[in-house]
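J.: what's the 3D shape of this:
(chains A and B, ligands or ions: 2)
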Amino acid sequence: MAVRPDNRLLDTPMQEVTCRRCAARVEVRKGSWHQTSVQWNADALTACEERRAATAGPGPNGDFFEACASLRASIAEAATSGLIPVLDDGY
Amino acid sequence: MTAVQDRDGIRRIEAEAAPARFARGWHCLGLIRDFADGTPHSIRAFGQKLVVFQGEDGSVNVLDAYCRHMGGDLSQGTVKGNEVACPFHDWRWGGDGRCKQIPYSRRVPLRARTAAWPTLQQDGMLFVWNDPEGNPPPADVTIPRIEGATSDEWTDWRWYYTVVDTNCREVIDNIVDMAHFFYVHGSFPTYFKTIFEGPVATQIQNGVGREDVRPPAKEGQPKLIGNTSVAAYHGPSFMIDDLTYHYDNMDLESVLINCHYPIDANSFVLQYGVIVKRSEHLPGDAAEKLAIGTGDFIRQGFEQDVEIWKNKTRIDNPLLCEEDGPVYQLRRWYEQFYVDVADVTPEMVERFEYEMDTSKPNEAWRREVEANLARRAAAEDTPAAWAAGQSV
Ligand code: FES
Ligand SMILES: [Fe+2]
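T.: Residues are numbered from 1 along each chain as shown, chains lettered A, B, ... in the order given. Ligands and ions are numbered 1, 2, ... in the order given. A predicted model of the protein is given here:
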């Protein structure tokens, strides 16, 4: 059963952003200044330095990687410089 | 692409029938203690009938319920030694699926073997492995251990079962649905992020209490400040929620389970469980009481979901706004459990992060909370109103 496309991506698709630290290339979309989607692929995951350095946190769900701070900064930069669109600038 | 908008400009809801296939993965059937009474238990799951029984050796086994002799129902039989005996002609079936003995016959016929379902007993719970391709569970497909479940520093499981008459995709959808936590459950999320990677879907959620739902603490009582939670589905049906309530003078740690197994394409058994960590702030049996209270609170939450599910329609093309969660990407992740292993595509398992915008929703919700409080103050205007509000 094929999953349908996200209606929000029809108007504004994901766009490539490169991490300034490790050069990982991911797909990004910002529905607003506070909203961020990041689509990784296998190459980007291998490239990410913070990811490689990460260790599992406590608790039964602790073994996950929350975010790469360098990538987050690169995305913020791409958004403020207008490299990727930010849909709602009301906030 | 299908047209969801007719010429009249009206968007159409589309929905294919729920899949006839059941998800590959470990499914929790319930607490081991609920099966460990020396009798066979009848379970309807994955479109079939199963029998769960504990042999004298203590092992808990899951077999197809229907006896391969003449179709008797083993779950109506009895446990004899380490075997389940069919009520029809007393054939004895072992936990490995083999017929061990036919008391009235000289020998057991060849190929006297039924389906034995792989099981996992962990942290007080019984899991069964479902794989439409018939493969055994790979060693790296596991359920994480829950430390508190076997520790004296935590309470025992408080556990609930309920049958829900809809396809189980509905319960999965909810983990990315931030807004419903406000509108359906009376919570107030202030931070919300979901991450899908491999077979795990993680939801990180922080929230604050709602004064229009729960009255402010009385003098001398701990004041609830907020909650932080990391909840994750490990596979298609088993979610662990590591949930901490923050009070002004203490933290209250709990672990919640939200899991299900499908009965058929259009119904499932929903289960939820809770354990609470004991602390100096919870003397005597206060931790047990709290676990019970928390469990009842979660039950109310699920009843609110069930009420929605009972009346809503299945929808394959939800119309999402920017402040909604990644419903489509979640379904893409979920799809990996419904195709053969060879057909799992990178998109289903590659890491996807979605951090929600809570600024706009929080602004609207704060206004709504204040309006609710103002309405109540105008209508009742006495502290007694809180007590009345609490009792219902
Ligand atoms: S049908 Fe089960 S023993 Fe005959
Ligand atoms: Fe819900």
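J.: Can you spell out which helices and strands pack onto the longest helix belonging to chain A?
T.: Longest helix of chain A, by residue count under DSSP state H: helix A:69-80. On a contact count with 3 or more Cβ pairs under 8 Å, 6 or more residues apart in numbering or on different chains; DSSP states H and E, helix A:69-80 meets strand A:15-18, strand A:25-32, strand A:35-39, helix A:49-53. To be clear about C-beta, it is placed using only N, CA and C from the backbone, and glycine gets the same treatment.
J.: pLDDT averaged over that helix - what is it?
T.: Averaging pLDDT along helix A:69-80 yields 97.
J.: Then stretch B:281-299?
T.: Rounded mean pLDDT across stretch B:281-299 is 82.
J.: How far does that stretch sit from its chain's centre?
T.: 20 Å (Cα atoms, centre = their mean, to the nearest Å).
J.: I'd assumed A:Ala56 was in contact with A:Asp63.
T.: Yes. Using Cβ atoms under 8 Å, A:Asp63 makes contact with A:Ala56 at a distance of 4.0 Å.
J.: how about stretch B:240-258: buried residues?
T.: B:240-246, B:252-258 (16 or more other Cβ atoms under 10 Å in any protein chain shown).
J.: Take those residues and keep only those in strands.
T.: Secondary structure from DSSP state E places B:240-246, B:252-258 of the buried residues of stretch B:240-258 in strands.
J.: Adding distance to ligand 2, write the residues you listed out as CSV.
T.: Output for those, formatted as CSV (distance: Cβ to the ion, whole Å):
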residue, distance to ligand 2
B:Ile240, 16
B:Asp241, 12
B:Asp242, 18
B:Leu243, 14
B:Thr244, 19
B:Tyr245, 18
B:His246, 22
B:Leu252, 21
B:Glu253, 22
B:Ser254, 17
B:Val255, 18
B:Leu256, 12
B:Ile257, 15
B:Asn258, 9
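J.: nearest to B:Thr150, of those residues?
T.: B:Val255 (11.8 Å; Cβ to Cβ).
J.: Under the pLDDT cut-off, which ranges of the chain? List them.
T.: Picked chain A for this. Flagging of chain A using pLDDT under 70 yields the residue ranges A:1, A:89-91.
J.: other chain: chain B
T.: In chain B (pLDDT under 70), the answer is B:1-4, B:381-392.
J.: so where do the helices sit in it?
T.: According to DSSP H, the helices that chain B contains are B:169-173, B:178-183, B:286-311, B:327-334, B:346-349, B:359-379, B:384-391.
J.: Name the nearest residue to B:Tyr334, sequence neighbours excluded.
T.: Excluding its sequence neighbours, the residue lying closest to B:Tyr334 (Cβ to Cβ, 6 or more residues apart in numbering or on different chains) is B:Ile172, at 5.5 Å.
J.: Can you say which of the helices and strands packed on helix A:69-80 is nearest to ligand 2?
T.: The closest of the helices and strands packed on helix A:69-80 to ligand 2 is strand A:35-39. By Cβ to the ion, the value is 21.2 Å.
J.: any residue of the closest one up close to chain B?
T.: Yes. Applying Cβ under 8 Å from any Cβ of the partner chain, one finds strand A:35-39 touching chain B at A:Gln35, A:Thr36, A:Ser37, A:Val38, A:Gln39.
J.: Please determine how far the closest residue to A:Glu49 other than its chain neighbours is located from B:Pro19.
T.: Sequence neighbours aside, A:Cys22 is the residue nearest to A:Glu49 in space, at 4.8 Å (criterion: Cβ to Cβ, 6+ apart). Counting by Cβ to Cβ, to the nearest Å, the gap from A:Cys22 to B:Pro19 is 39 Å.
J.: do B:Phe268 as well
T.: The value you get for B:Phe268 to B:Pro19, if Cβ to Cβ is used, is 13 Å.
J.: With B:Pro87 instead?
T.: 34 Å.
J.: Next up, the contacts around residue 72.
T.: Picked chain A for this. A:Thr36 (Cβ atoms under 8 Å, 6 or more residues apart in numbering or on different chains).
J.: actually chain B
T.: By Cβ under 8 Å, 6+ apart, the neighbours of B:Gly72 are B:Tyr66, B:Cys86, B:Pro87, B:Phe88, B:His89, B:Trp91.
J.: Assess the claim that the fourth one and B:Tyr66 are in contact.
T.: No. The pair B:Phe88 / B:Tyr66 is not scored as a contact, 10.4 Å apart, by Cβ under 8 Å.
J.: nearest residue to B:Asp248 other than its sequence neighbours?
T.: Among residues not flanking B:Asp248 along the chain, B:Lys223 sits closest, at 4.4 Å (Cβ to Cβ, 6+ apart).
J.: for B:Pro132, same thing?
T.: Using Cβ to Cβ, 6+ apart, the closest residue to B:Pro132 is B:Arg21 (5.5 Å).
J.: For that neighbour, give its distance to B:Thr202.
T.: Counting by Cβ to Cβ, the gap from B:Arg21 to B:Thr202 is 25 Å.
J.: which ones are touching the nearest residue to B:Phe46 once chain neighbours are set aside?
T.: Leaving out its chain neighbours, the residue that sits closest to B:Phe46 by Cβ to Cβ, 6+ apart is B:Phe22, at 4.5 Å. Contact analysis of B:Phe22 by Cβ under 8 Å, 6+ apart lists B:Phe46, B:Gly47, B:Asn130, B:Pro132, B:Pro262.
J.: hang on, the first one packs against B:Ala265?
T.: No. Checked against Cβ under 8 Å, the pair B:Phe46 and B:Ala265 is beyond contact range at 10.3 Å.
J.: higher neighbour count, these two?
T.: Comparing B:Phe46 with B:Ala265 by other Cβ atoms under 10 Å in any protein chain shown, the one with more neighbours is B:Phe46, at 19 against 16.
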